[in-house]
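Participant: Predicted model and sequence below, questions to follow.
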Amino acid sequence: MKPAITYELLHVCKQTGARRGIVHTPHGDIQTPVFMPVGTQATVKSMTPEELKEVGAQIILANTYHLFLRPGHELIKEAGGLHKFMHWDRPILTDSGGFQVFSLGALRTISEEGVEFRSHLDGSKQFLSPEKAMEVENALGADIIMAFDECCPYPSTYEYTKKSMERTTRWAKRCKEAHNRKEEQGLFGIIQGGFYKDLRKQSAEDLIKLDFPGYAIGGISVGEPKKEFLDILNYTAPIMPENKPRYLMGVGTPDYLVEAAMAGIDMCDCVIPTRLARHGTAFTSKGKIVVRNASYERDFNPLDDECDCYTCKNYTRAYIRHLVKTNEILGIRLLSIHNIKFLTNLMDKVRIEIERDNLGSFRKEFYRKYGYEQ
RNA sequence: GGGUAGGUGGUCGAGUGGUUAAUGGCACCAGACUGUAAAUCUGGCGACGAGAGUCUACGAUGGUUCGAAUCCAUCCCUGCCCA
């Protein structure tokens, strides 16, 4: 049986150890390292699939929990699967609902069997387990599906993190057993263990034994200081299998994306470009700007004079500020287009610099220009 | 001309004798946002001052009172109804 997801390593940056590769999926190849925009409810908010392609999105995310609640996975299956339902023919990755165990903390109860949620939509009781998550993800039909895990809050005690990590491993095993579309969908395991290295090691080893076609790092980038994030990232990435995709969940900002690539990560996702867009903020090569602010009222320059996106080619900061201030949908759309393109452009550069064995130097220059501390 | 309702901080609008520089909403100013309960949330928003604080404020003027945006008098203005 040919696995649904395979990884091809093209080059390792001699300067940093970063990986340049390809993830092969049933809906085409993904050049890595890659940034994946998030479309929780089967839509990257305000963007059409054509626009997503235009800004360089190779793969997008959707969410099991949200689509399970509404419109329901059966309906999407009936529609012919998620790709067809949302008119996106490139790869899709579905998250399992594990992040909602974290983000809906006040609305759920965890047991060995699974997680009971109070629906944030109508308060009704809902239940997600490894088996249920697989049923939903199989019905949605994404190329890459994530195991049902628990993303622990920061900080969490060693005892709790250990128990949670071990349970996540047991859940991963149950996911693997319940997953019944292995030829069409690759199931990734999620390494947990919070901010404790021995737990990370344990989690990675146990999951590797289960032989998933790809692995993710979960449970970081949850509010911790950057130093701790880097510490766990740089500890965990190298102990992940070399011949399979490595996915860092929930990242991120431009600096985190560069750090992830440096650490040998292949895939990242984050809501931040689209969320910042809706909140009136833009990434630029000289740092992020809150274009909603009064200082841009008469700024007739593009968001970023180095950007080649549709927004920057045609609109000024002053106009976008006007759209944001007047609550016009176009402001959100133009900022979303720009912010996603900014991150996909960044990853384009990262891939080139890896091939040139120059990612470390690129990072230094990027940080300097962006205004990040080295 | 007669009657009637009203004039509150950028705006709309509460408050109808004393913890009132004055509830709220909007506008405005700023901050946050990392596997999306998020086109959201948080803070600020009379003047001067770093701050403690000081001053000026509820149409105008005068009055009652220990004390008034709140009570009284006169005046000015606005909406509506009648002529």
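Facilitator: Sure, I can see it.
Participant: Please count neighbours and contacts with C-alpha atoms only from this point.
Facilitator: OK.
Participant: Give me the phi and psi angles of residue A:60.
Facilitator: phi -130, psi 160 (degrees, to the nearest 10).
Participant: And it, how close does it get to RNA strand B?
Facilitator: Residue A:60 sits 10 Å away from RNA strand B, taking CA to the nearest atom of the strand, to the nearest Å as the criterion.
Participant: Quick check, that residue in contact with residue A:39.
Facilitator: Yes - at 6.5 Å, residue A:60 and residue A:39 qualify as touching, with contact defined as CA atoms under 8 Å.
Participant: more neighbours, those two?
Facilitator: Neighbours per residue, other CA atoms under 10 Å: of residue A:60 and residue A:39, the larger number sits with residue A:60, 24 against 21.
Participant: From residue A:353, how far out is the residue nearest the centre of chain A?
Facilitator: Most central residue of chain A, judged by C-alpha distance to the mean C-alpha position with CA atoms, centre = their mean, is residue A:269 at 1.7 Å. With the distance defined as CA to CA, to the nearest Å, residue A:269 ends up 20 Å from residue A:353.
Participant: cool, and residue A:368?
Facilitator: Counting by CA to CA, the gap from residue A:368 to residue A:353 is 17 Å.
Participant: Tell me which of these two has more neighbours.
Facilitator: Summary of the neighbour comparison: residue A:368 and residue A:353, criterion other CA under 10 Å, with residue A:353 having more neighbours (20 against 14).
Participant: residue contacts, the nearest residue to that one once chain neighbours are set aside?
Facilitator: What sits nearest to residue A:353 in space, not counting adjacent residues and going by CA to CA, 6 or more residues apart in numbering, is residue A:359, at 4.9 Å. Shown here is residue A:359, whose contacts under the criterion CA atoms under 8 Å, 6 or more residues apart in numbering are A:13, A:15-16, A:18, A:262, A:350, A:353.
Participant: are any of those residues buried, and which?
Facilitator: Neighbour counting over the contacts of residue A:359 (16 or more other CA atoms under 10 Å) leaves A:13, A:16, A:18, A:262, A:350, A:353 as the buried ones.
Participant: can you list the residues you listed in CSV and add secondary structure?
Facilitator: Converted to CSV, those look like this (DSSP: H, G, I helix; E, B strand; the rest coil):
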residue, secondary structure
A:13, coil
A:16, coil
A:18, coil
A:262, helix
A:350, helix
A:353, helix
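Participant: Which of those sits closest to RNA strand B?
Facilitator: Distances from RNA strand B to the buried ones among the contacts of residue A:359, taken as CA to the nearest atom of the strand, are shortest for residue A:262 (15.2 Å).
Participant: Does the closest one touch residue A:20 like I think?
Facilitator: No - look at residue A:262 against residue A:20 with CA under 8 Å: they stay out of range, at 10.6 Å.
Participant: how about the residues of the stretch 51-200 of chain A that lie near RNA strand B?
Facilitator: A:61-63, A:95-100, A:102-104, A:106-107, A:120-121, A:146-152, A:190 (CA under 7 Å from any atom of the strand).
Participant: list the buried ones in stretch A:327-347?
Facilitator: Judged by neighbour count using 16+ other CA under 10 Å, the buried positions of stretch A:327-347 are A:331-347.
Participant: Next step: those residues restricted to helices.
Facilitator: A:331-347 (DSSP state H).
Participant: which non-adjacent residue is nearest whichever residue of the stretch 51-200 of chain A sits closest to RNA strand B?
Facilitator: Residue nearest to RNA strand B within the stretch 51-200 of chain A (CA to the nearest atom of the strand): residue A:151, separated by 3.2 Å. The spatially closest residue to residue A:151, leaving aside those adjacent along the chain, is residue A:219, at 4.9 Å (CA to CA, 6+ apart).
Participant: what's the neighbour count on the one you found?
Facilitator: One way to gauge burial is a neighbour count; for residue A:219, by other CA under 10 Å, it gives 26.
Participant: Quick one: classify it as helix, strand or coil.
Facilitator: The local conformation at residue A:219, judged by three-state DSSP, is coil.
Participant: Can you give me the pLDDT of it?
Facilitator: Per-residue confidence at residue A:219 stands at 97 (pLDDT).
Participant: Please tell me how far it sits from RNA strand B.
Facilitator: Here the distance between residue A:219 and RNA strand B works out to 4 Å (CA to the nearest atom of the strand).
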